[in-house]
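J.: Need a 3D model of the following:
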Amino acid sequence: MSVSLLTVTAVAQSATEDGFSKLQILIQQLIDWGVEAGGRIIGAIIIFVVGRILISFLKKILAKLLTKRHIDPGIQSFVKSLTNILLTILLIIAVIGKLGVETTSFAALLASAGVAIGMALSGNLQNFAGGLIVLLFRPFKVGDWIEYLNVSGTVREIQIFHTILTTADNKVIYIPNGAVSSGTVTNYSREETRRVEWVIGVDYGEDYGRVEETVRGILAKDKRVLNDPAPFIALHALSASSVNVVVRVWVNSSDYWSVYFDINKEIYTVFNKEGINFPFPQLTVHQA
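T.: Predicted structure coming up:
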């Protein structure tokens, strides 16, 4: 009986030692896995931080290079935006690879997902292609004043997917490049000169020759009005309550609005001084 007791005791002791040994192995494996995972996480963090610093550094070098070569500002913003996206994607792939995910499998998964994402984001792909068309054919550039679908403003940036406008009252408008490249865009800054037009109403009975001479004198005093083509003045229409005179002159594009408003003011002042009357709506009644 004592032999059996000793045998049972030995077996129990062996089982305990075996269980303890397995627990030690498990703990050691967890420690090893934690050390390895921690090393990968720390490495991934280092890669991410260093990568962001490098991307920022490369973007600055690229910006200086594009500026030094006098590349169009629209192309500069497009290239910088595209470069930032591509470098960020490469950085993400490097971080994921450091974490232990197979980059080849990730690339295959990314390619498969790219098809679905491409279908879902077909509009953005169209905008991307539209941005390339805008930069290639250059219907407008950064700094131009354009109008599209009753929206007008100065082109501030041409990005990958959008063209950014700043309006006269300092609003920022984002227009999809796909729509801009396939729609009707009016560029007010493309040509060096523009024509300004006024239609001035005067009373019936006013001497047209005197009116024309007065207007020509006003135009001659403004050095911003170009002599070639020469200013054009003609009797435009005989309307219900006024005789309308049309005035057309050519100015530098940058002077358009200042000339328009200044001549308006000068005509009003000089006409009042010279006694040339402006009409007002009136109705003549004849009694039978």
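J.: Run a quick neighbour tally on residue 78.
T.: 21 (other C-beta atoms under 10 Å). Where you see a C-beta, it was placed from the backbone N, CA and C, and this is true even at glycine.
J.: May I see the buried residues of whichever strand or helix holds it?
T.: Using DSSP states H and E, residue 78 maps to helix 73-98. Within helix 73-98, the residues that count as buried by 16 or more other C-beta atoms under 10 Å are 73-81, 84, 87, 91, 94-95, 97-98.
J.: What average pLDDT does it get?
T.: The predicted model gives helix 73-98 an average pLDDT of 78.
J.: Could you do stretch 181-195 as well?
T.: On average, stretch 181-195 scores 89.
J.: Need the residues that contact it.
T.: The contact list for stretch 181-195 (C-beta atoms under 8 Å, 6 or more residues apart in numbering) reads 129-131, 133-134, 139-140, 143-149, 152, 226, 248-253, 256.
J.: how far does it stretch from start to finish?
T.: Taking C-alpha to C-alpha, to the nearest Å, stretch 181-195 runs 27 Å from one end to the other.
J.: Now do that stretch: distance to the chain's middle.
T.: Between the centre of stretch 181-195 and the centre of its chain there are 18 Å (C-alpha atoms, centre = their mean, to the nearest Å).
J.: Could you say which helix or strand holds the most centrally placed residue in the chain?
T.: Among the residues of the chain, residue 164 comes closest to the average C-alpha position under C-alpha atoms, centre = their mean, at 2.4 Å. Using DSSP H and E, residue 164 falls within strand 162-166.
J.: Provide the strand pairings for that strand, with the direction of each partner.
T.: strand 151-158 (antiparallel), strand 172-176 (antiparallel) (DSSP bridges).
J.: how about the next helix or strand along the chain from the shortest one: buried residues?
T.: In this case it means strand 172-176. Using DSSP H and E, the helix or strand that follows strand 172-176 towards the C-terminus is helix 177-182. Using 16+ other C-beta under 10 Å as the test for burial, helix 177-182 gives 177, 178, 179, 180, 181.
J.: same thing with stretch 197-211?
T.: Going by 16+ other C-beta under 10 Å, stretch 197-211 has these buried residues: 198, 200, 201, 202, 206, 211.
J.: now, which of these lie within strands?
T.: 198, 200, 201, 202 (DSSP state E).
J.: tell me the contacts of the last one?
T.: With C-beta under 8 Å, 6+ apart as the criterion, the residues that contact residue 202 are 211, 242, 243, 245, 271, 276, 277, 278, 279.
J.: Check the second one too.
T.: When contacts are counted by C-beta under 8 Å, 6+ apart, residue 200 is found next to 211, 215, 244, 245, 246, 247, 267.
J.: Relative to residue 236, how far out is it?
T.: Per C-beta to C-beta, to the nearest Å, residue 200 is found 9 Å from residue 236.
J.: Any regions of the protein where pLDDT drops low?
T.: Within the chain, the ranges that satisfy pLDDT under 70 run 1-23, 26, 32-33, 35, 72, 74, 101-123, 281-288.
J.: Okay, strands next: where are they in it?
T.: 145-148, 151-158, 162-166, 172-176, 186-187, 193-202, 232-238, 243-252.
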